[in-house]
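**Q** Next comes the sequence, and after it the predicted model I'd like to discuss.
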Amino acid sequence: MEARMELHRAHLLLVLFISQFPGTAPFPAQDPPKLVNGIFGGSVLFPLNIPPQKRVVEIEWKFSPKVGMPLLIAEFVNGELKRPNEGDRFGHRLEMADETTLRIKGLELEDTGVMDVRVRFATSAILEHSFNLAVHEPVPMPQISHRLISYTADECNMTLQCQTLGKGGLRLSWKMGNPLRVLEGALGWHRLTDTGNELHLSWRPTTSNSTITCLVDNPVDLKNTSVDLFNVCQDADEYGCFSWVRTTMFVGLGLQITIIVLVNILERKDWNQCCAGVDAGIANMAPVGTNKPTKTFYRAHKRSP
């Protein structure tokens, strides 16, 4: 029993002694896949974080797209980046950021996939890394539209709607003030719809916070746009006043046109009646030279001796 314990102690001392020399310690198991987010047209890095005392002999990068077969896209041997097939989808978009970090430039949406990296050391040990690359589109600028529900001097009720033309994967949120902060106060003055893109407000003009901001983001980009509630409610008040003036003008103009039309109709009616009386009088007058008694007298006068 004592001999076995002495042998075990000697083995531990030997392992401890060997581990003091560079390149001889065992490497940790493969790390879980690391998420790398990139923006369309931008660039991403695949860092390996290898200790400087470890001498690297060769690095291989294998890319697996979402659709298609895995492809060996690059090798780093003797300090030089080699491309097994320069005619693949990455073309001239690959370069080394340092001796162990690969960079992809000019990202495309189809670059989304899994990047597997195998590192071979001078000790013949092998270390593997895996990266999940996700390429996102830039976030489009959102737009805020408003719909006024009611307005008084004390309270302005409205609905704000935030719209964006982006595809899925976008997150939308509302904030207030400057600098931006989450919506505060009693829940009675603001309410979000289930989709989150509509915000119902019961805002009091006497409050100091009048700026509401809509933020749209994805893992790599963020855009926002703001609206001033004071201006929205003020415009609504001015629009209401303008609408009343405009309505009054239209009613007055309509009355004037109606009066003019009625006067023209009455004048035309009187004129027609006058003309009808004149025509009747002319019709009752006998034509000159056609009187029958005169003609008879002429004939009787001619026959007398």
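**A** In hand now; what should we look at?
**Q** what does the domain assignment say about the protein?
**A** 22-136, 143-234 (automatic domain parsing).
**Q** Compile these into TSV and extend it with columns for mean neighbour count.
**A** (Each C-beta comes from the backbone N, C-alpha and C, glycine too.) Formatted as TSV, these follow (neighbours: other Cβ atoms under 10 Å):
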stretch	mean neighbour count
domain 22-136	15
domain 143-234	15
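**Q** can you give me the strands for the stretch 101-250 of the chain?
**A** 102-104, 113-121, 126-136, 143-151, 156-163, 171-176, 190-192, 198-203, 211-218, 221-228 (DSSP state E, counting those that start in this stretch).
**Q** quick one on the thing from earlier: format the domains of the chain as JSON lines; extra columns: mean pLDDT and distance to Thr258.
**A** As requested, the domains of the chain are arranged in JSON lines below (pLDDT from 0 to 100; distance: least, Cβ to Cβ, whole Å):
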{"stretch": "domain 22-136", "mean pLDDT": "89", "distance to Thr258": "64"}
{"stretch": "domain 143-234", "mean pLDDT": "86", "distance to Thr258": "34"}
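**Q** on that earlier part again, switch the strands of the stretch 101-250 of the chain over to a markdown table; also include distance to Leu255.
**A** What follows is those, written out as a markdown table (distance: least, Cβ to Cβ, whole Å):
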| stretch | distance to Leu255 |
| --- | --- |
| strand 102-104 | 75 |
| strand 113-121 | 74 |
| strand 126-136 | 63 |
| strand 143-151 | 30 |
| strand 156-163 | 35 |
| strand 171-176 | 49 |
| strand 190-192 | 46 |
| strand 198-203 | 40 |
| strand 211-218 | 44 |
| strand 221-228 | 40 |
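**Q** quick one: which of these is nearest Lys54?
**A** With Cβ to Cβ, the closest approach to Lys54 among those belongs to strand 113-121: 5.7 Å.
**Q** CA atoms of the closest one as PDB?
**A** Only the C-alpha atoms of strand 113-121 are listed here, as PDB (Å, rounded to 0.1, in the frame of the first residue of the first chain):
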ATOM      1  CA  GLY A 113     -23.400  30.500 -41.400                       C
ATOM      2  CA  VAL A 114     -21.000  28.600 -39.200                       C
ATOM      3  CA  MET A 115     -17.200  29.100 -39.300                       C
ATOM      4  CA  ASP A 116     -15.200  26.200 -37.900                       C
ATOM      5  CA  VAL A 117     -11.500  26.800 -37.200                       C
ATOM      6  CA  ARG A 118      -8.800  24.100 -36.600                       C
ATOM      7  CA  VAL A 119      -5.500  25.100 -35.100                       C
ATOM      8  CA  ARG A 120      -2.500  22.800 -35.200                       C
ATOM      9  CA  PHE A 121       0.400  23.500 -32.900                       C
END
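**Q** among the strands of the stretch 101-250 of the chain, which is nearest Pro33?
**A** strand 126-136 (4.2 Å).
**Q** what does that closest one contact?
**A** For strand 126-136, contacts defined as Cβ atoms under 8 Å, 6 or more residues apart in numbering pick out 27, 30-40, 44, 46, 48, 50, 104, 107-121, 169, 218-221.
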